[in-house]
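> Got a sequence here, can you build the structure:
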Amino acid sequence: MILIVGLGNPGLKFKNTRHNIGFEILDQIRKNGDFSVWENKKRLKARVSVGQSGDKKLILAKPRTFMNNSGESVKLLTAFYKLPLSGLWVVHDDLDLKFGKIRIKEDSGSGGHKGIESIISSLGSKNFKQLKIGVLNKTKNKIDAKKFVLQKFAKEELKKLKDLKEEAIISLTSSF
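Modelled structure (predicted):
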């Protein structure tokens, strides 16, 4: 069993923002495969969808906490599903990677990402896998990082976003 947690912020206000790329990739995985509808699991502070990829059972989860408190939900999810951290994947935006770059890391630090910091703190470990999606572009240097990640994607980025999501999904599923 593999738990894939996509990071983002709940609510329509944050839809299609850079910080919510984790949610968007999980939505695409669910759309591409045979998964249950999103179910709100209040006890787990997450929306959950269950399905298969080959012979692997996948649990997709979108925390209902805000980004900086993602660890609350991830800790509840791993405990509920009795999942070793080796079966945990976290999909998130990365300000240090240029838009469109994808990087997989295991047993890695937060790199300043507050959602990952929250997960590491809540789990007491960084021994899980991260699928990092680059969102950096030229405008990042002109505004505060917090404002940048909460902005919607630029027009030229939107044109490339579908391919980026598909590439991220291939990188993820080929690593199971």
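> roughly how far apart are the residue lying closest to K45 once chain neighbours are set aside and G11?
Leaving aside its sequence neighbours, K45 sits nearest to S73 (CB to CB, 6 or more residues apart in numbering; 4.1 Å). Using the backbone N, CA and C atoms, a C-beta is placed for each residue, glycine as well. According to CB to CB, to the nearest Å, S73 and G11 sit 15 Å apart.
> Same drill for those two, tell me which one is more crowded.
Neighbour count, other CB atoms under 10 Å: between S73 and G11, S73 has more, with 24 against 10.
> Buried residues, the strand or helix carrying that one. List them.
Assessed by DSSP states H and E, S73 sits inside helix 70-80. Across helix 70-80, burial judged by 16 or more other CB atoms under 10 Å covers 70-78.
> same thing with stretch 45-62?
Buried-residue list, stretch 45-62, by 16+ other CB under 10 Å: 45-51, 53, 58-62.
> Filter these down to the ones in strands?
46-51, 53, 58-62 (DSSP state E).
> Lowest-confidence one in the residues you listed?
Sorting those by pLDDT puts S53 at the bottom of the list (85).
> Pull the contacting residues for that residue.
S53 sits next to 2, 33, 173, 176 when contact means CB atoms under 8 Å, 6 or more residues apart in numbering.
> distance between the helix or strand harbouring L26 and the chain's centre?
Per DSSP H and E, L26 falls inside helix 21-32. Distance of helix 21-32 from the chain centroid (CA atoms, centre = their mean, to the nearest Å) equals 9 Å.
> what sits up against it?
Here helix 21-32 has contacts from 4-8, 16, 35, 38, 49, 51, 58, 60-62, 90-93, 131, 133, 135, 161, 165-166, 168-169, 172, using CB under 8 Å, 6+ apart.
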